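Q: Fold the following, please.
(chains A, B, C and D)
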Protein chains: 2
Amino acid sequence: MKKTKILSVHDVAFKAGVSISTVSRVINGAKNISPETLSKVQSAIKDLNFKPNRVAQRLRLKKGQRKLIGLLVPDIQNPFYVDVVKGVEDLAYAQGYAVFMGNFGQAVDKEDLYLDLMLSESVDGLIVAPSTEKHSKIVSLVKNQFPIVCVDRGLAEIESDLVIVNNYQLAFDAVEHLINRGHKQIAYIGGLSSIPTTARRKQGYLDALTKHGIEINESLIKLGDSKHESGRILAAELLNMKNRPTALFTGNNLITLGALETIHSRELKIPKEIAIVGFDDMPWSISLHPPLTAVSQPGYEIGNRAAEMLFHRIKDPMRIPVKLVLSGELKIRKSS
Amino acid sequence: MKKTKILSVHDVAFKAGVSISTVSRVINGAKNISPETLSKVQSAIKDLNFKPNRVAQRLRLKKGQRKLIGLLVPDIQNPFYVDVVKGVEDLAYAQGYAVFMGNFGQAVDKEDLYLDLMLSESVDGLIVAPSTEKHSKIVSLVKNQFPIVCVDRGLAEIESDLVIVNNYQLAFDAVEHLINRGHKQIAYIGGLSSIPTTARRKQGYLDALTKHGIEINESLIKLGDSKHESGRILAAELLNMKNRPTALFTGNNLITLGALETIHSRELKIPKEIAIVGFDDMPWSISLHPPLTAVSQPGYEIGNRAAEMLFHRIKDPMRIPVKLVLSGELKIRKSS
DNA sequence: ATGAAAGCGCTAACAG
DNA sequence: CTGTTAGCGCTTTCAT
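A: Below is the predicted model of the structure:
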């Protein structure tokens, strides 16, 4: 039950018989230290099991040296973002960075709040999936050269580091695939209309239809909020139509799962009675009934490269913005 | 492109024509402030868009007042923990706490590292799912009255706040259900053997078998590492046996999904040729082929209550430890 | 090669 | 009711 006192450089200095600045020097691997002093201090640190207080360090250190980055994702329930998170976390970890994560669940006020939180925590930089293309806070940060890299979604009217996939083309391919399977009544269930990717994917859907001379039917386009629930409900609306679609193109992971729930609850046969291809692949897509045809995005890779880019930018805040487009893939399985 | 200077209480004080302590007072909602001073300072804060630096605040504040908690989860890829995280985050957010999250991917060294990181970040308390029942660092923290609440897994030889489900009983029920369906060759695919829940669930499995006079067959018990991959491989081993099991009880989410992948790749009919019930339910269990019978744990609730308990403990570090057992439920669907 | 001292931005006595 | 001052634990000149 003994109270573990909180140790400071003073304790180490005392134990090693040196000054606190010397302790600080060995912590930070300064070069001009005599071997004896070095080992004295090192063993004092080890004996005491001393760990420098990161809060104090961060307060003292300046921009770009604090070894902390922020990561702001829209929805941690979405497996795609989980992969992204893992991708950045792994690289950060490997480079000695800690990551402060915030999950804003598509709520704009929460997004802002987290943004403020991270700034107020003095992060060296930020990885963000902006909820809209013109998020003013984020835009002004990049304008002010604050290190930011965007993932999954970019910013309008300003260049920033960015890692994405080609949403438009991927959606186009997915829909064209459906058309090639003979479908003409193809519906699109998208996420929040304010989210850039929603629009891109929708455009891909639209253009694929147009290219093949299929008339756009607005009632076949449903935009919800990117969550499971919304996929479930919107799919139901679609399936309730007198002239209902024969195929569904679902705009993300969670929407797909929600739509699937509706389809199954009505015991519709996939793909006979209703075909479906989803944006975002999942580790268990193959275990679904039937195995799901899906657009696979390299989430882990996205996160990884984003972290890499951020570290570069932290080192050089003025370098020109880099836009990295990673490639996705349509995985054709049995649902289409 | 203008450089946004970093603001401090000084700037606000200057603008409002008061001293920094007054500014600090209004930030912290002190009571003895004249109305005029208050409004002067408030508008200065608003005009400048000043946000106090949390790093400095935390350095200065003492234990229990820093409004930051740490959350350490084993595997963010596991949907169960995602729910827990959300549960914690939502309550923390509502109470004005920030949460520093670490995901250690079952790697003990990473777990330790994150633990150190959070302490060194001066968190007020910690919510942890300890990788083993006798994690020495965690044990010694609770011994030293550091506010900690464990989720999903407890500690041996010491009382601590704890939120769990009755893993033993739930596993027992699941297996008994399989027995009632006529199965005698029931296999168990568990996670890391060092994880407390793995043992509890295994014991439930064992006892259900014994109760019904079914002999334990050690070769039907496979312990892996709690991940998708391991479920896939272990299920394959099981299905390769000459005298293979007719039913699988899978120890968690990811293992279930992995096992399902193997089953489907061999085109085995569920539940005819192989039945399966999994520990952990998922939002899309119903969309699997066939809908999965699963033990449902209230992840969100677990996180929520854990956060609640932590806030209590932070306020009163000496109070007696509380153990909260939430109830789970066997959801019988079509895979068994 | 090492120590003394200033200061990061903030809060909390202590005065008045 | 408000201002002055002393640190929180650390890094970093500036001396020596």
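Q: At which residues are the helices of the stretch 1-150 of chain A located?
A: Secondary structure of the stretch 1-150 of chain A (DSSP state H, counting those that start in this stretch): helices located at A:9-16, A:20-27, A:35-48, A:54-60, A:79-94, A:108-120, A:136-143.
Q: quick one: the helices in the stretch 151-300 of chain A?
A: So, for the stretch 151-300 of chain A - with DSSP H, counting those that start in this stretch - the helices run A:167-180, A:196-211, A:228-240, A:253-265, A:299-315.
Q: right, so these: which one is the most enclosed?
A: Comparing these by mean neighbour count (mean count of other CB atoms under 10 Å in any protein chain shown), helix A:253-265 comes out on top with a mean of 25. Where you see a C-beta, it was placed from the backbone N, CA and C, and this is true even at glycine.
Q: quick revisit: output the helices of the stretch 1-150 of chain A in JSON lines, with mean pLDDT appended to each entry.
A: Below are the helices of the stretch 1-150 of chain A laid out as JSON lines (pLDDT from 0 to 100):
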{"stretch": "helix A:9-16", "mean pLDDT": "96"}
{"stretch": "helix A:20-27", "mean pLDDT": "97"}
{"stretch": "helix A:35-48", "mean pLDDT": "96"}
{"stretch": "helix A:54-60", "mean pLDDT": "98"}
{"stretch": "helix A:79-94", "mean pLDDT": "95"}
{"stretch": "helix A:108-120", "mean pLDDT": "94"}
{"stretch": "helix A:136-143", "mean pLDDT": "95"}
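Q: Throw the ones you listed into JSON lines and include mean neighbour count, thanks.
A: Below are those laid out as JSON lines (neighbours: other CB atoms under 10 Å in any protein chain shown):
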{"stretch": "helix A:9-16", "mean neighbour count": "18"}
{"stretch": "helix A:20-27", "mean neighbour count": "18"}
{"stretch": "helix A:35-48", "mean neighbour count": "15"}
{"stretch": "helix A:54-60", "mean neighbour count": "19"}
{"stretch": "helix A:79-94", "mean neighbour count": "22"}
{"stretch": "helix A:108-120", "mean neighbour count": "18"}
{"stretch": "helix A:136-143", "mean neighbour count": "17"}
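Q: Which of these sits closest to B:Ala208?
A: helix A:79-94 (32.3 Å; CB to CB).
Q: so which of the helices of the stretch 1-150 of chain A gets nearest A:Lys222?
A: Here helix A:79-94 is closest among the helices of the stretch 1-150 of chain A (CB to CB), at 20.2 Å.
Q: ok, back up a step: with distance to B:Asn28 added, can I get the helices of the stretch 1-150 of chain A in CSV?
A: Output for those, formatted as CSV (distance: least, CB to CB, whole Å):
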stretch, distance to B:Asn28
helix A:9-16, 28
helix A:20-27, 30
helix A:35-48, 34
helix A:54-60, 18
helix A:79-94, 33
helix A:108-120, 15
helix A:136-143, 25
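Q: Could you dump those into TSV with distance to chain B added?
A: TSV is the format used below for the helices of the stretch 1-150 of chain A (distance: least, CB to the nearest CB, whole Å):
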stretch	distance to chain B
helix A:9-16	13
helix A:20-27	12
helix A:35-48	13
helix A:54-60	4
helix A:79-94	6
helix A:108-120	4
helix A:136-143	6
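Q: Out of these, flag the one nearest B:Asn32.
A: Per CB to CB, nearest to B:Asn32 of the helices of the stretch 1-150 of chain A: helix A:108-120, 26.2 Å.
Q: quick check: angle from that closest one to helix B:79-94?
A: Going by axes from the mean of the first three to the mean of the last three CA atoms, to 10 degrees, helix A:108-120 is angled at 80 degrees with respect to helix B:79-94.
Q: Count residues in the vicinity of the closest residue to A:Ile179 other than its chain neighbours, would you?
A: Nearest non-adjacent residue to A:Ile179, counting by CB to CB, 6 or more residues apart in numbering or on different chains: A:His212, 5.0 Å away. Neighbour count for A:His212, taken as other CB atoms under 10 Å in any protein chain shown: 12.
Q: Check what pLDDT A:His212 gets.
A: For A:His212, the pLDDT comes out at 97.
Q: I'd assumed A:Glu176 was in contact with it.
A: Yes - with contact defined as CB atoms under 8 Å, A:His212 counts as touching A:Glu176 (7.2 Å).
Q: In chain A, what residue comes closest to DNA strand C?
A: In chain A, the residue that lies nearest DNA strand C is A:Asn32 (2.8 Å; CB to the nearest atom of the strand).
Q: Just give me the neighbour total for that residue.
A: 5.
Q: Could you report the distance from it to B:Gly125?
A: Noted for A:Asn32: a distance of 41 Å to B:Gly125, by CB to CB, to the nearest Å.
Q: The closest residue to chain B within chain A: what's its closest spatial neighbour, skipping adjacent residues?
A: In chain A, the residue that lies nearest chain B is A:His289 (2.6 Å; CB to the nearest CB). Excluding its sequence neighbours, the residue lying closest to A:His289 (CB to CB, 6+ apart) is B:His289, at 2.6 Å.
Q: pretty sure that neighbour contacts A:Pro290?
A: Yes - between B:His289 and A:Pro290 there is a contact under CB under 8 Å: 6.7 Å.
Q: quick one, which of these two is more surrounded?
A: B:His289 (20 against 16).
Q: and that one, what pLDDT?
A: At B:His289, pLDDT is 79.
Q: Also A:His264?
A: A:His264 is given a pLDDT of 89.
Q: Report the contact partners of it.
A: Neighbouring residues of A:His264 by CB atoms under 8 Å, 6 or more residues apart in numbering or on different chains: A:289, B:286-287, B:291.
Q: would you turn the residues you listed into TSV with distance to DNA strand D?
A: Shown next, in TSV, are those (distance: CB to the nearest atom of the strand, whole Å):
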residue	distance to DNA strand D
A:His289	55
B:Ile286	52
B:Ser287	51
B:Pro291	54
